[in-house]
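1. Sequence and predicted model, in that order:
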Amino acid sequence: MIYPRLLESPRESFFLFGPRGTGKSTWIRERFPNAPRYDLLDTGEALRLLAEPVALWHELQGLPSGSWAVLDEVQKAPAVLDSVHRLIEERRLRFVLSGSSARKLRRGGANLLAGRAITVSMPPLVSRELAFEMDLPERLRFGMLPQAITSVDPVAFLRSYVETYLMEEVKAEALTRNLGGFARFLEIAARQNGQVTNAAGIARDVGISRRTVDGYFEILTDTLLGDWLRAWRSKLGNRQMRGSKFFFFDSGVARASSGRLPYPPTPEEAGPLLETLVWRELRTYVQYCNLHYPLFYWRNYSGAEVDLLCETGNGFVAVEIKSSRRWDRRFGRGFRHLERELGQDRLRCFGVYLGERPAQFGRVTVLPGPPLRPGLPSPGTGAGAGPAAVLRGVPGGAPRPVRQGHRPAVPRVPPPAMGRRHRPVLSGPASCRRARPDSPTRRVARRGRGSRSR
């Protein structure tokens, strides 16, 4: 089954990057059916163009100006990009340059066309592309890759997916010499999916250096297997968490990499898996609508946290994600702390949980999902009341945005006047507490002063 994708075709040459199995080749065949196509997964074709890159110029220079041509898995023969550059400049041709890894292009000194081709990414499916008809427990367990949805045996497909990644993306491209160490790292990193990454702990568990762990995470990001969610800070020097979370691009791939695929998700797994799904939905919406807003998470040292935070042109959107079938008011603790940091008029708060009905808890709009049925309108529209719709514009006015690094002034309200005997007892260390006038502590202090005076 072919699912209709929301990704629109650019009007100029572009790189199309995305993990394996997301449907890049199917989308290209559907959108560019008559374009000449070079499939560089064909070893013979890749070797031919590697041996003679100028052959691409001779074969395509006769096309009319404005024609399209496709190079699939272009990272297999990066030398042909010089001919692509020349064809764009001299013959005004347009190219679709797809690939599942940008590492070899960026680190191998390949010609990245100097702005003559934009970069587009192909994520896994989102709920709207499934017409909002999805079995959420199954999608948490097996993810949103098209073949994981249509396959009669998604466990076998995802296991072979991870094995193929290790053999073709890592070993064949010589990204690391220690394939065994990388496989152990991949399992531990997948078990920490969606959590604040402890690189030193991973290095200790795998038996490799911290620097090697950092290099392995670079391999994961360069091969598009995952990405970082950075911590948001309103001031550079305030007491907020600075560690980053690493998310695999798909919950099914994360479970396959961790070795947990044959088993149903435990309650401990359900939270990060749901966060992965919602993070991917909102990130895809931002991309499809060309909003270019980065996503963050927020946490302070008292333990208050908001799972997703996005600064838009109209304020901030905060999302708290809970793998619970009942929403509790205490889930909004992070929102209350964040409101003190940003101000209520600049923050829209949303909760996502596994319940069946939307609800309103004060300033927090709670939605069941995903699928975020009202929250992911079609690109180009502002319909809906969910977090994704608010990313396009806060209804009811556009509050002044807050720059990162700026904390709005909060008016100080003086405490009510009170007599000496009615002052409250302060919490904190004993040395900082004010004792009541008639308390034992005060009486002991008076006796002590009297003995010293005598």
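-> Nice, I can see it.
2. what about the strands in the stretch 151-300 of the chain?
-> All strands of the stretch 151-300 of the chain, identified by DSSP state E, counting those that start in this stretch, fall at 226-231, 245-248, 295-299.
3. Which residue ranges of the stretch 1-150 of the chain form helices?
-> 24-31, 43-51, 55-60, 81-91, 103-107, 136-142, 146-150 (DSSP state H, counting those that start in this stretch).
4. Could I get the strands of the stretch 151-300 of the chain in JSON lines, plus columns for mean pLDDT?
-> Shown next, in JSON lines, are the strands of the stretch 151-300 of the chain (pLDDT from 0 to 100):
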{"stretch": "strand 226-231", "mean pLDDT": "94"}
{"stretch": "strand 245-248", "mean pLDDT": "96"}
{"stretch": "strand 295-299", "mean pLDDT": "94"}
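5. Buried deepest among the ones you listed, which one?
-> For those, the largest average neighbour count (mean count of other Cβ atoms under 10 Å) is found in strand 245-248, namely a mean of 24. Heads up, the C-betas are built off the backbone N, CA and C, glycines and all.
6. same for that one, what does it pack against?
-> With contacts defined as 3 or more Cβ pairs under 8 Å, 6 or more residues apart in numbering; DSSP states H and E, strand 245-248 has these neighbours: strand 226-231, helix 267-288.
7. for those, which one ends up most surrounded?
-> Of all the helices and strands packed on strand 245-248, helix 267-288 carries the top mean neighbour count, a mean of 22, counting by mean count of other Cβ under 10 Å.
8. Could you name the helices and strands sitting against that one?
-> When contacts are defined as 3+ Cβ pairs under 8 Å, 6+ apart, helix 267-288 packs onto helix 136-142, strand 245-248, helix 251-258, strand 295-299, strand 305-312, strand 315-321, helix 387-390.
9. tell me the average confidence for the first one?
-> The predicted model gives helix 136-142 an average pLDDT of 93.
10. do stretch 313-328 as well
-> 93.
11. In the protein, where is pLDDT below threshold?
-> Applying pLDDT under 70 to the chain flags residues 1, 107-111, 172-174, 235-242, 371-386, 388-454.
12. on that earlier part again, switch the helices and strands packed on helix 267-288 over to a markdown table; also include distance to His337.
-> Output for the helices and strands packed on helix 267-288, formatted as a markdown table (distance: least, Cβ to Cβ, whole Å):
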| stretch | distance to His337 |
| --- | --- |
| helix 136-142 | 28 |
| strand 245-248 | 18 |
| helix 251-258 | 28 |
| strand 295-299 | 9 |
| strand 305-312 | 8 |
| strand 315-321 | 11 |
| helix 387-390 | 19 |
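13. Against His337, how distant is Tyr301?
-> According to Cβ to Cβ, to the nearest Å, Tyr301 and His337 sit 11 Å apart.
14. Can you pick out the residue with more neighbours from these two?
-> His337 (17 against 9; other Cβ atoms under 10 Å).
15. Kindly provide the distance from Pro53 to Glu45.
-> Taking Cβ to Cβ, one finds Pro53 at 12 Å from Glu45.
16. again, but for Gly259
-> Gly259 is 36 Å from Glu45, where distance means Cβ to Cβ.
17. and the gap between Ala304 and Gln344?
-> For Ala304, the distance to Gln344 - Cβ to Cβ - is 16 Å.
18. Which one's more surrounded, the two?
-> Ranked by neighbour count (other Cβ under 10 Å), Ala304 and Gln344 place Ala304 first, with 17 against 14.
19. For the helices of the stretch 1-150 of the chain, give me TSV that also has mean neighbour count and distance to Glu311.
-> TSV is the format used below for those (neighbours: other Cβ atoms under 10 Å; distance: least, Cβ to Cβ, whole Å):
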stretch	mean neighbour count	distance to Glu311
helix 24-31	17	30
helix 43-51	14	43
helix 55-60	16	43
helix 81-91	18	35
helix 103-107	16	28
helix 136-142	19	28
helix 146-150	18	32
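20. Any idea which of those helices gets closest to Glu275?
-> Judged by Cβ to Cβ, the one of the helices of the stretch 1-150 of the chain that comes nearest to Glu275 is helix 136-142, at 10.5 Å.
21. other SSEs contacting that closest one?
-> If contacts are counted by 3+ Cβ pairs under 8 Å, 6+ apart, helix 136-142 sits against helix 146-150, helix 154-164, helix 251-258, helix 267-288.
22. so how far is the last one from its chain's centroid?
-> Just to be clear, that refers to helix 267-288. Here helix 267-288 is found 7 Å from its chain centre; the criterion is Cα atoms, centre = their mean, to the nearest Å.
23. Then the first one?
-> Centre-to-centre, helix 146-150 and its host chain are 21 Å apart (Cα atoms, centre = their mean).
24. How about stretch 168-177?
-> With Cα atoms, centre = their mean, you get 25 Å for stretch 168-177.
25. end-to-end on that stretch?
-> 14 Å (Cα to Cα, to the nearest Å).
26. Dump the helices and strands packed on helix 136-142 into a markdown table; add distance to Leu308 as well.
-> As requested, the helices and strands packed on helix 136-142 are arranged in a markdown table below (distance: least, Cβ to Cβ, whole Å):
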| stretch | distance to Leu308 |
| --- | --- |
| helix 146-150 | 24 |
| helix 154-164 | 25 |
| helix 251-258 | 16 |
| helix 267-288 | 6 |
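27. Now for Arg141: which residues touch it?
-> Arg141 makes contact with 251-252, 255, 264-265, 273, according to Cβ atoms under 8 Å, 6 or more residues apart in numbering.
28. same question, Val253
-> With contacts defined as Cβ under 8 Å, 6+ apart, Val253 is in contact with 19, 143, 145, 158, 161-162, 225.
29. Going through these, which ones are buried?
-> The neighbour-count criterion (16 or more other Cβ atoms under 10 Å) marks 19, 143, 145, 158, 161-162, 225 among those as buried.
30. hang on, the earlier thing: minimum distance to Val152: which of the helices and strands packed on strand 245-248 has it?
-> helix 267-288 (22.3 Å).
31. now the angle from the closest one to strand 226-231?
-> Orientation of helix 267-288 against strand 226-231 (axes from the mean of the first three to the mean of the last three Cα atoms, to 10 degrees) gives an angle of 90 degrees.
32. Pop the domain breakdown of this protein in here.
-> 14-122, 128-230+242-268 (automatic domain parsing).
33. Take these and write them to a markdown table, including distance to Arg357.
-> Listed next are those as a markdown table, based on distance: least, Cβ to Cβ, whole Å:
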| stretch | distance to Arg357 |
| --- | --- |
| domain 14-122 | 32 |
| domain 128-230+242-268 | 15 |
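34. follow-up on the earlier one: how about CSV for the strands of the stretch 151-300 of the chain, with distance to Pro358 added?
-> Formatted as CSV, the strands of the stretch 151-300 of the chain follow (distance: least, Cβ to Cβ, whole Å):
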stretch, distance to Pro358
strand 226-231, 25
strand 245-248, 26
strand 295-299, 22
